[in-house]
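1. Next comes the sequence, and after it the predicted model I'd like to discuss.
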Amino acid sequence: MNKLSSILATAIFSLALGTVTLVAGDNPMVGGEAMFTTKDIVDNAVKSKDHTTLVAAVKAAGLVETLKGKGPFTVFAPTNAAFAMLPAGTVETLLKPENKGTLTGILTYHVIAGRIDSKELLKQIKAGSGKATLKTVNGGMLWAMMNGERNIVIKDEKGNTANISTYDVYQSNGVIQVVEAVLMPN
């Protein structure tokens, strides 16, 4: 019964945020496809029509095996629309082999060691008097805070923010939080 209560509380929280569509087996839909908790971050991401640019970038950076690893990882996953907001030519330039180091730095800036779901983010925001500080696997910092009463926003080192649009997409090796902007380290 306790597990059922937890699932219902998570579903109510997610539905209140208006961000997660539940399907059979309570797997959230991302990019028009169900994400399965039995699959890893990469196996789920490649199915999402909203994350083709991210998947191409992960492949170009040589991070596929890392993100298929045991983890756990929390990935703030920018959508194709988020990448499209970058200045013209940025994505194409980053995908070139000679820019692999820069691309890897940007992508690993979107990854936190450990499984941080929305409940944990909210807990850290409350404990931090309105702001949670998150250390990324590339050594940089991100900050999570509330944007209004119902949405968590992530702030990068350059002062830009990204709303989380889909919360708590659980994977076998972590959790994905879908974000609406590419986060940039200093």
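-> Here it is on my side, so go on.
2. Now the lengthiest strand in the chain: buried residues?
-> Ordering each strand of the chain by length in residues (DSSP state E) puts strand 161-171 first. Neighbour-count burial for strand 161-171 flags A162, I164, S165, T166, Y167, D168, V169, Y170, Q171 (criterion: 16 or more other Cβ atoms under 10 Å). Backbone N, C-alpha and C define where each C-beta goes, glycine included.
3. Likewise for stretch 64-74?
-> Residues of stretch 64-74 classed as buried by neighbour count (16+ other Cβ under 10 Å): V64, T66, L67, G71, P72, F73, T74.
4. hmm, who's touching it?
-> Applying Cβ atoms under 8 Å, 6 or more residues apart in numbering, the contact partners of stretch 64-74 are 40-43, 58, 75, 111-117, 137, 171, 173-177.
5. try 10 Å this time
-> With Cβ atoms under 10 Å, 6 or more residues apart in numbering as the test, stretch 64-74 has contacts from 39-43, 45-46, 55, 58, 61, 63, 75, 104, 107-108, 110-117, 120-121, 134, 136-137, 170-177.
6. Can I get stretch 154-169 as CSV, trimmed to CA atoms?
-> The C-alpha trace of stretch 154-169 is given here as CSV (Å, rounded to 0.1, in the frame of the first residue of the first chain):
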residue,chain,number,x,y,z
ILE,A,154,17.7,25.2,-13.6
LYS,A,155,20.2,28.0,-13.8
ASP,A,156,23.6,27.6,-15.4
GLU,A,157,26.9,29.3,-14.7
LYS,A,158,26.3,31.9,-17.4
GLY,A,159,23.0,33.0,-15.7
ASN,A,160,20.7,31.4,-18.2
THR,A,161,17.7,29.3,-17.1
ALA,A,162,15.9,26.3,-18.4
ASN,A,163,12.5,25.1,-17.2
ILE,A,164,12.0,21.5,-16.6
SER,A,165,9.2,20.5,-18.9
THR,A,166,9.0,16.8,-18.1
TYR,A,167,9.9,15.5,-14.7
ASP,A,168,11.2,12.2,-13.4
VAL,A,169,11.6,10.0,-16.4
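7. Relative to the whole chain's centre, how far out is that stretch?
-> Offset of stretch 154-169 from its chain centre (Cα atoms, centre = their mean, to the nearest Å): 8 Å.
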